[in-house]
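Enquirer: Predicted model, plus sequence, below.
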Amino acid sequence: MGDVGTFIQLVVDGLANGSIYAALALAIVLVNQATGLINFSQGGMAVLSAYIALTVSNLLAPSIGVAGAVTLGIVVTLIFSFLLGAIVERVIMRRFERGDPDTAVVATIGLFTLITGLCGIIWSYNFLPFPWYFPVTDSFMIGTIGISVWSLTTFIAVLVVMAVLQIVFRSTKLGLGLRAVADNPVSAALSGLKVGPLLMAGWGLAAMLGAIAGTLVAPKLQLSPNMLDGALVYALAAVIIGGLGSPIGAVVAALGITVLENLAAYYVPIIGNDLKIAVPFIALFLVLIFRPQGLFGRKVVVRV
């Protein structure tokens with residue numbers, strides 16, 4: 001493989017990894033758009049949803065086949081995750097909505113620890129194979145470039161979700177209502193918006209996005225309670241780099257930092273594979289210094 005082929009292969013591999021982080025970053029953006037908070041429990045909720053999908057799939061596979069069982073498992077876990085997100089907002093997070101936002105963020109960290117711990121107790125900490133429509137090792141060649149079928153389908157799925165989410169936030173009453181509640185819940189309530197149901201819907205939709213991320217990643221990594229710990233860190237970095245209010249920014253940043261990481265590891269000898277994990281965080285620091293609102297974010301002007 002020549003220099004050009006190597007470069008393209010590194011970019012393709014980076015986009016594949018970035019798709020995982022982008023799916024989780026979209027869920028974080030959705031909660032932030034609905035509540036103004038960064039939800040650290042998103043990874044734990046996504047893993048729990050993936051375990052639900054696995055359990056349903058394994059129960060139904062002997063009778064209806066793997067493809068049908070996986071499809072029904074995904075449908076069940078999407079419904080479950082929406083209800084889980086709505087219940088978490090109503091029962092737990094609403095108690096903090098009028099308090100210090102930092103306290104609410106700490107609560108989401110506690111939720112993350114609790115949920116992953118429960119997953120370990122119920123399903124064990126062993127890696128469990130997740131059934132899928134096709135072997136995740138399948139790939140095809142375009143010239144000298146190898147492309148994973150799983151990576152391609154994940155990438156397309158994330159782009160579709162990003163487009164739908166962007167349309168929802170910009171062009172629907174639900175999306176505009178979620179943004180209004182996040183900006184100023186008091187004014188939103190005075191204008192006739194039902195703040196409580198909107199917050200529950202925002203958390204429910206974010207949990208569904210997390211479920212999509214979990215079920216996309218599980219076939220590749222195999223399922224474990226800590227499966228998304230590393231991905232959550234990358235997703236948070238992507239959200240901050242792209243801009244907390246921009247679904248497109250989160251996806252572009254997630255794809256960009258993984259491509260940059262791959263290229264730096266190969267072309268910069270001092271970095272290599274051992275230090276490539278530092279590349280996204282260097283990018284994060286630079287963005288925070290020179291454009292703290294994110295690459296796709298907007299400055300917030302507060303008039304006194």
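Expert: Ah, there it is. Here the structure is a predicted model, which means the values were calculated and not measured. Numbering: from 1, shown residues only.

Enquirer: how near is the closest residue in space to residue 247 that isn't next to it in sequence to residue 294?
Expert: Spatial nearest neighbour of residue 247, excluding adjacent residues (CB to CB, 6 or more residues apart in numbering): residue 165 at 4.6 Å. From N, CA and C alone the C-beta is placed, and that goes for glycine too. According to CB to CB, to the nearest Å, residue 165 stands 16 Å off from residue 294.

Enquirer: what do you get for residue 172?
Expert: 23 Å.

Enquirer: swap in residue 14?
Expert: From residue 14 to residue 294 the distance is 20 Å (CB to CB).

Enquirer: what residue ranges in the stretch 101-250 of the chain are flagged as low confidence?
Expert: Regions of the stretch 101-250 of the chain meeting the criterion pLDDT under 70 cover residues 101.

Enquirer: For it, just list every one of the helices.
Expert: Ranges of helices in the stretch 101-250 of the chain, per DSSP state H, counting those that start in this stretch, are 101-123, 149-171, 173-183, 185-190, 195-221, 229-242, 247-267.

Enquirer: Who are the packing partners of the second one?
Expert: For helix 149-171, the contact count by 3 or more CB pairs under 8 Å, 6 or more residues apart in numbering; DSSP states H and E identifies helix 3-35, helix 173-183, helix 195-221, helix 247-267 as packing neighbours.

Enquirer: And the contacts of it?
Expert: Contacts to helix 149-171, defined as CB atoms under 8 Å, 6 or more residues apart in numbering, come from residues 12-13, 15-16, 19-20, 22-23, 26, 29-30, 33, 132, 134, 136, 138-140, 174-176, 178-179, 209, 212, 216, 219-220, 247-248, 251.

Enquirer: ok, the residue lying closest to residue 220 once chain neighbours are set aside - contacts?
Expert: In space, and not counting its chain neighbours, residue 220 is closest to residue 136: 5.1 Å by CB to CB, 6+ apart. Going by CB under 8 Å, 6+ apart, residue 136 touches 148, 149, 150, 219, 220.
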